[in-house]
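Participant: Predicted coordinates and the sequence they were generated for:
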Amino acid sequence: MTRFLFAVVPLVLLASAASAQQQGRDACSRDASRFCRAHLSEGDQVVLACLKEHRSRLSKACLQTLIDNGQ
């Protein structure tokens with residue numbers, strides 16, 4: 001039983017982290033396409049930098065996602 005828990009707990013944590021990342025993408029996808037369309041194919045870090053440049057114009061959900069993730 002202990003082995004089972006050691007195997008399941010990391011999987012649950014990984015799944016919740018992936019879920020949180022997806023929610024962040026969902027919250028910022030409209031803002032990214034609106035303000036950073038030219039950079040969407042350049043990778044996540046470039047899009048993140050673009051979103052930060054437009055911080056004052058972002059939706060509340062996207063702004064909160066950036067804040068929650070230390071950005």
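Facilitator: Right, received. Where do you want to start?
Participant: For the rest of this, base every contact and every neighbour count on C-alpha atoms.
Facilitator: OK.
Participant: Please identify which helix or strand holds L66.
Facilitator: Using DSSP states H and E, L66 sits within helix 60-68.
Participant: Of all the residues in that helix, which ones are buried?
Facilitator: Using 16 or more other Cα atoms under 10 Å as the test for burial, helix 60-68 gives C62, L63, Q64, T65, L66.
Participant: where's R34, which helix or strand?
Facilitator: Going by DSSP H and E, R34 is in helix 2-35.
Participant: any low-confidence regions in the protein?
Facilitator: 1-24 (pLDDT under 70).
Participant: Using CSV, list the CA coordinates for the helix holding L66.
Facilitator: Backbone C-alpha positions of helix 60-68 (Å, rounded to 0.1, in the frame of the first residue of the first chain) are rendered in CSV as follows:
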residue,chain,number,x,y,z
LYS,A,60,-8.4,40.7,-14.8
ALA,A,61,-8.1,36.9,-15.1
CYS,A,62,-4.9,37.1,-17.1
LEU,A,63,-3.4,39.7,-14.8
GLN,A,64,-4.3,37.6,-11.7
THR,A,65,-2.7,34.5,-13.4
LEU,A,66,0.6,36.5,-13.9
ILE,A,67,0.5,37.7,-10.3
ASP,A,68,-0.2,34.2,-9.0
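Participant: who does it touch, helix- and strand-wise?
Facilitator: Helix 60-68 sits against helix 2-35, with contacts defined as 3 or more Cα pairs under 8 Å, 6 or more residues apart in numbering; DSSP states H and E.
Participant: what's the following helix or strand after the helix it packs on?
Facilitator: helix 44-53.
Participant: Pick the one among the buried residues of helix 60-68 closest to Q45.
Facilitator: L66 (12.6 Å; Cα to Cα).
Participant: give the contact list for the closest one.
Facilitator: Listed by Cα atoms under 8 Å, 6 or more residues apart in numbering, L66 has no contact partners.
Participant: what sits up against stretch 37-50?
Facilitator: A32, S33, F35, C36.
Participant: Now for the last one, how many residues are close by?
Facilitator: Counted with other Cα atoms under 10 Å, residues neighbouring C36 total 20.
Participant: same thing with the third one?
Facilitator: Neighbour count for F35, taken as other Cα under 10 Å: 16.
Participant: ok, now which ones touch it?
Facilitator: C50, L51, H54.
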